[in-house]
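Peer 1: Structure for the following, please:
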Amino acid sequence: MHLIIFMWGFTGILGKLIQLDAIIIVWYRILIAVSVLFLFFILTKKSFKIQKKHLWKISLVGMIVASHWLTFYYSIQLSTASLGILCLSTTTLHVTWLEPLVMKRRFSWIEFLLSCCVVYGIYFVAGDFSPKEMTALYFGLLSALCAALFSVFNAKISQEVPSTHITLYELIVGFIFVSIFLISIGRMNVAILQMTYSDFGWLLFLGILCTSFAFLVTIDIIKRLGTFTVSLSINLEPVYTILLAIFILKEHQLLNSNFYIGAMIIIFVVLLNGLLKHYQKKKENRKPNLIVNTVLIAILKHLQES
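Peer 2: Numbering: from 1, shown residues only. Alright, predicted model coming up:
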């Protein structure tokens, strides 16, 4: 399980290691991931069929997913991988007010208070940022908003569509969306194929292992380890990314003590939120099949966030 979390945490690091523009990274990531998932459907003889009434919803979410990845990698390239993944941790803040609107769920004051703690952590993180770093912060927070949107919408769609189909078709739409954007800005030309062998290798790692493989393997891990272990482990992703950034990118030389104080506040809140949700679900005594479905969507969410 922790190997998969490591892969997700590594996606932020790849935003720095790959020497390509954010939009090119996202274009290749989606292209490779779609190709692998398409092959998976063929080898496992899964049906590609999906009801037409769901297509417009999935198409909308697919564009949101692409926007999330674009803003996430722009944030990282403008600043640090640590900042990008830390901003992504604020997704919970937006889910707090989005879920009651979309899912008609009861508003939780506990989640609202935890979200306020996250805002307090961001205050420490952004204490003495430069204008460029503030721009990166805004992109990161916008990425978190997109992550919250597609997470909540996917939770609703998953009640009628299998998670594997949601992933495949959202990525297809995301690829079309990014391709059209590249054409509109005049970047869809032979120059998109120019890259180093190192970049090509990292892109394969990102698209195959960190995206397609991570999602498919995690579904099996859920059955072996249980929902609570997997859900809590996912919340450790920011910790992995920050540690990787320190050892690989030497980002500790660029970040001050305020950043780490804010990071500890945010990570603590994220872990606490995971524990509270576990006990809340246990108290509600939901049916097993609903619990498994909920966790699968959580996996889909974190796959697309990374």
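Peer 1: Please make it C-alpha for all contacts and neighbour counts, starting now.
Peer 2: Noted.
Peer 1: for the helix or strand Ile176 falls within, the distance to its chain's centre please.
Peer 2: Per DSSP states H and E, Ile176 falls inside helix 163-184. Using C-alpha atoms, centre = their mean, to the nearest Å, the mean C-alpha position of helix 163-184 is found 15 Å from that of the whole chain.
Peer 1: How about stretch 36-52?
Peer 2: 23 Å.
Peer 1: Only the C-alpha atoms, please, for that stretch, written as CSV.
Peer 2: The C-alpha trace of stretch 36-52 is given here as CSV (Å, rounded to 0.1, in the frame of the first residue of the first chain):
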residue,chain,number,x,y,z
VAL,A,36,-2.8,1.7,-20.7
LEU,A,37,-6.4,1.7,-19.4
PHE,A,38,-7.7,1.0,-22.9
LEU,A,39,-5.4,-2.0,-23.2
PHE,A,40,-6.6,-3.1,-19.7
PHE,A,41,-10.2,-3.1,-20.9
ILE,A,42,-9.3,-5.1,-24.0
LEU,A,43,-7.2,-7.7,-22.1
THR,A,44,-9.8,-8.2,-19.4
LYS,A,45,-12.6,-8.2,-22.0
LYS,A,46,-14.5,-5.4,-20.2
SER,A,47,-17.3,-3.7,-22.0
PHE,A,48,-16.7,-0.1,-23.1
LYS,A,49,-20.5,0.6,-23.1
ILE,A,50,-21.8,3.4,-21.0
GLN,A,51,-25.3,5.0,-21.0
LYS,A,52,-25.5,8.2,-23.0
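Peer 1: Pull the residues that contact that stretch.
Peer 2: Contact partners of stretch 36-52, identified using C-alpha atoms under 8 Å, 6 or more residues apart in numbering, comprise 161, 165, 168, 208, 212.
Peer 1: Give me the neighbour count for the residue lying closest to the fourth one once chain neighbours are set aside.
Peer 2: By the measure of C-alpha to C-alpha, 6 or more residues apart in numbering, the closest residue to Ile208 outside its immediate chain neighbours is Ala33, 5.9 Å from it. Ala33: 25 surrounding residues under other C-alpha atoms under 10 Å.
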